[in-house]
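Student: got a predicted model here, sequence first, then my questions.
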Amino acid sequence: MVEREAAFATLRSEDPIRFFEERAVEFLPSGRGYWAVTRHADVIEASRRADLFCSGNGTNIPDLPSEFNEFFGSMINMDDPRHARLRRIVSAGFTPKMMKKLEGHIEETAAAVVDSVADLGECDFVTDIAARLPLVIICEMMGIDPDRHEEVFRLSNTILSGGDPEYFTEVEDPIGVLLSAGADLAAIMNETAEVRRGGDGEDLTTILVNAEVEGEHLTADEMASFFVLLCVAGNETTRNAITWGLEFLTANPDQRDLWLSDIEGITPTAVDEIVRMSSPVIHFRRTVTTDGARLGDQVFSVGDKVVLWYNSANRDEAVFEDPDKFDVTRDPNHHVGFGGPGPHFCMGSHLARREISVLYRQLLQCFPDIQATAEPERLRGNFVNGIKHLPCRFTPA
């Protein structure tokens, strides 16, 4: 990670919008190449100008079939007016009232997660702690049967694995495995939605399957695609932010002590600093819609791929003082860990912040000496800044 961030620092300083050839991966041909956008100001500008830098051609660097993009990316791979329509309907389930109802449940779930390891003294921080809270919250938000939570966890891992060998055998076709995992998640959603159609429950599936905004409803395919997005975006990213938080605290014991000195007061800034430093989603791609569109001094042509490197923007020296320092009191903190401003800013950012805040308050109060005991085992890939395993130890509560 240190070498990667040093390379991005060089790009920001010497060639902040640089063209790169695409390398072919084992299951996709190489594409036309892309422009790497590495400065904070340019990432912000491209995010705001969705009319010039669109998402509808895909947000991953490789070119994928449109059906593939929409199924696995839902609204993040759409442009207006389709994006606005879907987001407008889905927003019916993310109202302040809905989020308020979740707060108590997040507290209870976090407490249960911490209690489950309290007498162990050591565990895998990822699988035993960090993955549990967002997984349970998302599944219960959607009304998924508890017996299927582990299945959702496994399938979402597969979708974001980037071909990591832990999730694939050598004889498996990665695209086939990915499609199969997506289809299985869609089946879980379809079964759940069918049971709740016409009902009056308070779970998100009931709200969305019965929601009508300006005479429009979500189709079955849109419901399934949104669930896939929620599983991978809402589960994986929050889990990885939580995990990187422990890695940062282990490497910076002075910041741990500072946070412990005022858990309630420092938690809000500490959470945003974890998100900034970890940048759980490393990049999103945009595609140029108009000849002559520009960022800074760089002029683009229609069809050019522009890749917004959030991890680089989040360490831009022009915006963040001492950007490689983990500072739990950093304020202001204008990070783009939830994406830049504009129509695609993460609609689950409030929920993610709440989950990270609640879990760390519980952890620091119950296990003030918790620390990682080995290097993180990283997920292979350049899209999600994932950690698969992180051993930790603590004094049993």
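Tutor: Nice, thanks for sending it over.
Student: which residue is nearest the middle of the protein?
Tutor: Thr237 (3.1 Å; Cα atoms, centre = their mean).
Student: now for Phe71, how many residues are close by?
Tutor: Look at Phe71: counted by other Cβ atoms under 10 Å, it has 20 neighbours. C-beta here means a position set from N, CA and C on the backbone, and glycine is covered the same way.
Student: quick one: it and Leu178, what's the gap?
Tutor: Applying Cβ to Cβ, to the nearest Å, the value for Phe71 to Leu178 is 10 Å.
Student: just Glu236 next, same as before
Tutor: 14 Å.
Student: what's the answer for Ser13, then?
Tutor: From Ser13 to Leu178 the distance is 37 Å (Cβ to Cβ).
Student: try Thr329
Tutor: 41 Å.
Student: which positions within the helix or strand bottoming out on mean pLDDT in the chain qualify as buried?
Tutor: Among the helices and strands of the chain, helix 66-73 carries the lowest confidence by mean pLDDT, DSSP states H and E, at a mean of 76. Judged by neighbour count (16 or more other Cβ atoms under 10 Å), helix 66-73 contains these buried residues: 68-73.
Student: go ahead and confirm Trp259 touches Gly265.
Tutor: No - counting by Cβ atoms under 8 Å, Trp259 stays clear of Gly265, with 9.4 Å between them.
Student: before we move on, the earlier item: the more surrounded of Thr329 and Leu178?
Tutor: Legend: neighbour count by other Cβ under 10 Å for Thr329 and Leu178, higher for Leu178 (22 against 14).
Student: touching, that one and Ser156? I think so.
Tutor: No - using Cβ under 8 Å, Leu178 is not in contact with Ser156, being 11.5 Å away.
Student: so what's Asp369 up against?
Tutor: 394-395 (Cβ atoms under 8 Å, 6 or more residues apart in numbering).
Student: for it, grab phi and psi.
Tutor: Here is the backbone geometry of Asp369 (degrees, to the nearest 10): phi -100, psi 10.
Student: same question for Arg18.
Tutor: Given degrees, to the nearest 10, the pair of backbone angles that Arg18 has is phi -120, psi 140.
Student: that one contacts Ala36, correct?
Tutor: Yes - using Cβ under 8 Å, Arg18 is in contact with Ala36, at 5.2 Å.
Student: list the residues that contact both of the two?
Tutor: With Cβ under 8 Å, 6+ apart, Arg18 and Ala36 have common neighbours Leu11.
Student: which one of these two has more residues nearby?
Tutor: Between Arg18 and Ala36, counted using other Cβ under 10 Å, Ala36 has the larger neighbour count: 20 against 13.
Student: if anything else comes up later, I'll come back, but that's it for now.
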